[in-house]
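Novice: how does the following fold in three dimensions:
(3 chains)
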Amino acid sequence: MSLILEAKGLSKRYGGLTANRDVSFDVGQGEIVGIIGPNGAGKSTLFDLITGFQSLDAGRVLLDGRDITGLRPDRIAALGVARTFQKLKPFPNLTVTENVIVGALARTADMKSARDAALEALALVDLLDKRNSFARELSTGQRKRLELARGLAMRPRLILMDEVTGGVDQRTILGLVDLVLDLKHRGLTIVTIEHNMQVMMRLADRILALYAGRRIAFGKPEDVRKDPAVVDAYLGTAADAA
Amino acid sequence: MASDQARMLEAARAERLWPRPSRWAMALVLAGAGLLLAFPLLFQTSFSHHMMILILMYALMAQSWNVVAGFSGQISLGHAIFFGIGAYSSTVLFAKYGITPWVGLLVGMLISTFAAIAIGVPTLRLEGHYFAIATLLIGSSVQIVFQRWDWVGAASGLYVPINRTSPWFYLQFHASKVPYYYLALAAAGAAYLLVWKLRRSRFGFRLQALRDEPDAASSLGIAIARHKVMAFMLSGAMMSVAGTLYGQYVLVLDPERLFSAEISIIVLLMTVLGGSGTLWGPALGAAILVPLSEFSRIWFGGTGRTIDLIIYGILILLVCMWRPSGILSVVEERVRRRVGASP
Amino acid sequence: MGLIYALVAVGLSLIFGLMEVVNFAHGEFLMLAMFAAFWLWALAALDPLLSLPLVAAMLGVAGVLVHYGIIRRLLKAPMLAQVCGTFGLAIALRAGAQFLWTPDFRTIANPLIAGRVQIGPIFIGEPQLVAGAVCLLAFVLLWLFVTRTETGLGLQATAQDRQAAEVMGIATERMAALAWAIGLGCVGVAGTMLSTFFYIFPDVGVSFALLAFVAVALGGFGSILGSLVAGLLIGLVESLGGLLLDPSYKTLIVFGLYLGVVIARPNGLFGRV
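Specialist: Sure thing, here's the model as predicted:
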């Protein structure tokens, strides 16, 4: 299995606070890698470091073997990496379709194809009925799907999802899980940050566990779940998943 | 994918990319265009021509500000720079070297574009307020420079040499204002057409994206700095055209007026009032404010200028407090919503 | 002069630090303060030194009014509206002053403090000296207030994280109004002192405002110490620049300074991250 993403020794500090310390992991083509950890463990920062939104203090990021450390976010996006944000950022003054078109425009310069690609992405996330509403009118769950659609319209090879199931109801969660699995079957490689252990267990091929900015485990879900360091750190969560 | 989604997808794909404007909108546009073209025939007074010429020029200038502020979200408070550059470029070339103002027009645009790059590259990376302050400072500095620069006439300004032969070559019309009117109409028309196309283009969408959520835009492959600078360049060029035309119209250049904060302010107000980020907002703003300003000058005489400003200031404040997106934004939203109704 | 810049800057810094609103009308309030001092002198024969507390109080009240009347609305609006809104206020005030009081320059003659003093090889006017001292005093008082009193700490808390402050029971709305009151109060002090030796006319606020913006950007939004240092620095640079080059190029120099700092250290010398 070829490696799409390799992160080696990623570190980031803010003054006295260490956000990430020497985190390494890799992601194979077509895999779903999940990242778990309590709040403040440095998960979102990791995404920022990988996608160029924050600069690394140490470490390297390789995409398909190519060093992308230090590249600007838009350059990294152009290389086929999409991401969603935990704090949702829809374009409020554009309609849902237009929002996704912006994503599609990363791949094509023709407006018609961009529109069609956008519609396909919207269909995938089951948001077509809202396509002419303004993005600011959507509910949280809908906005999450919008953000996903926007990233998907880029036709990325790798997508980083940040808390996609956070704050949505159970039914939507099930729908999202099915969607993510569907995406995997279509050949997309996915890295996802999740708090919901049930979702994580269903989706992930491998799991990266973070605690206080460091990696405490990385491997198959069953192994990670039983790992003593993980059990130590997430006493409650391990009980949930059991 | 659920089958109902598939069905919807097919239906949606079959839709036109850009919704067809409603019948009355088309009628309105055609009527408006007709009216504008026939204006000088319908209204013969020199004053009405003068007013319309000003409205058209300001509509052009306001639209240029709209490009950089309304669409890209960069608030420039010193936009008069480009106006002055346009006016001075063509006039200096003509007065000193006898080059026709048509060429001067293009040169002005070129210089403005370079100025936009020179100013934009270091400043556009700054956050909104910082950028605004920087533009204020630049606007002020450029005005001072031109007031001291002897080669362009320093504080006394420049006169466009009068040449009554071959008016179209020298871009001066003394018999009547009508040619100026059509020139202004052509320039403004071209600009609005350009912005209309811009809004539906890849560049236009990406600009609006970076205006609203730069992080998200960046994650979708949009090179933020580059796009901002390009918008700034376009805006500067447009403003410069207005400057050249204005110079040829009034035939006297005065750095006090041309680079004045007043122009930067008016341009801002027109767009904000009419609706920033919309196509016709700037034009509406111009159409409201130019007559207001001209008439207040007539009624209040010498103090007209000051009363102007008081009203402008209060107007801007009120608009920003109550309806920051301007008059037309409400209309536009409703149109977009209705036109794109679900099946 | 640097101290005056610093004081004006501090007012601005406070307001921005708390409210994330840059008050583009700041200079105009300075102008108002100066005119207030002038009229109090002209009509009531009150020397600026004496009318100082009165003017400062007036501005302070104005600050509260501005906050409640105008700023609260603006906060809900996008940045474009905030910038343009205070900008519009500035224009209206400037033009209003011009309309009411004509563009003429005025001065306060026969102030209490006059004459010059010689320090080493430099002549400094006594009014300037006194002004500088008063401003310094104001700074110290402000510093003490913000760092030692409970209200002051509340201000700081609100500045750093509004939501957290609310959760802790701090009346953030009132803090914001307070910030405006103090901010404009500072301007009131600065204005009154300026009026003892500077020309008073409607556009006087413009250049000071610009310099204040630069000072705040330099020193970092939200940092009182930063504003002080930056203000002094700018005063220094300006005087030196004035000596070396044509005085009218001062703006350009200051601008250069602004650009340099803002690009190199986007948060200013002492600013918060």
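
Novice: just checking, residue A:122 is part of a helix?
Specialist: Yes: using DSSP: H, G, I helix; E, B strand; the rest coil, the assignment for residue A:122 is a helix.

Novice: which ones are touching it?
Specialist: A:96, A:97, A:100, A:128, A:131, A:149 (Cβ atoms under 8 Å, 6 or more residues apart in numbering or on different chains). All C-beta atoms are positioned from the backbone trio N, CA, C, and that covers glycine.

Novice: so what does the third one look like in phi/psi?
Specialist: Spelled out, that is residue A:100. phi -70, psi -30 (degrees, to the nearest 10).

Novice: list the buried ones in the one helix or strand residue C:189 maps to?
Specialist: Using DSSP states H and E, residue C:189 sits in helix C:172-195. By neighbour count on 16 or more other Cβ atoms under 10 Å in any protein chain shown, the buried set for helix C:172-195 is C:172, C:175-195.

Novice: next: stretch B:181-198.
Specialist: Buried-residue list, stretch B:181-198, by 16+ other Cβ under 10 Å: B:181, B:182, B:183, B:184, B:185, B:187, B:188, B:189, B:191, B:192, B:195, B:198.

Novice: which other helices and strands contact the strand or helix carrying residue C:55?
Specialist: For residue C:55, the element it lies in under DSSP H and E is helix C:48-66. If contacts are counted by 3 or more Cβ pairs under 8 Å, 6 or more residues apart in numbering or on different chains; DSSP states H and E, helix C:48-66 sits against helix C:26-44, helix C:172-195.

Novice: residue C:190 reaches residue C:33, doesn't it?
Specialist: Yes: between residue C:190 and residue C:33 a contact is recorded at 7.1 Å, counting by Cβ atoms under 8 Å.

Novice: the host helix or strand of residue B:231: which residues count as buried?
Specialist: Secondary structure assignment for residue B:231, by DSSP H and E: helix B:224-250. For helix B:224-250, the neighbour count (16+ other Cβ under 10 Å) marks B:224, B:227-249 as buried.

Novice: who does the helix holding residue C:189 touch, helix- and strand-wise?
Specialist: Looks like helix C:172-195 contacts helix C:2-19, helix C:26-44, helix C:48-66, helix C:126-148, helix C:150-160, helix C:162-167 (3+ Cβ pairs under 8 Å, 6+ apart).

Novice: can you rerun that using 10 Å?
Specialist: With contacts defined as 3 or more Cβ pairs under 10 Å, 6 or more residues apart in numbering or on different chains; DSSP states H and E, the packing partners of helix C:172-195 are helix C:2-19, helix C:26-44, helix C:48-66, helix C:72-75, helix C:126-148, helix C:150-160, helix C:162-167, helix C:204-219.

Novice: in the stretch 1-150 of chain C, what residue is nearest chain A?
Specialist: residue C:78 (9.5 Å; Cβ to the nearest Cβ).

Novice: now do that residue, the pLDDT please.
Specialist: pLDDT for residue C:78: 71.

Novice: check residue A:53 too.
Specialist: 90.

Novice: any idea how many residues pack against the spatially closest residue to residue A:212 that is not a sequence neighbour?
Specialist: The spatial neighbour of residue A:212 that comes closest, neighbours along the chain excluded (Cβ to Cβ, 6 or more residues apart in numbering or on different chains), is residue A:41 at 6.4 Å. As a burial measure, residue A:41 scores 23 neighbours (other Cβ atoms under 10 Å in any protein chain shown).

Novice: helix/strand/coil for residue A:41?
Specialist: Using three-state DSSP, the structure places residue A:41 in coil.

Novice: is it correct that it is in contact with residue A:230?
Specialist: No: in this structure, residue A:41 is not within contact of residue A:230 by Cβ atoms under 10 Å, at 11.8 Å.

Novice: any residues in contact with both of these two?
Specialist: Common neighbours of residue A:41 and residue A:230, using Cβ atoms under 10 Å, 6 or more residues apart in numbering or on different chains, are A:209, A:211, A:216.

Novice: just the ones of those in strands?
Specialist: Secondary structure from DSSP state E places A:209, A:211, A:216 of the shared contacts of residue A:41 and residue A:230 in strands.

Novice: where does chain A dip in pLDDT?
Specialist: Within chain A, the ranges that satisfy pLDDT under 70 run A:1, A:235-242.
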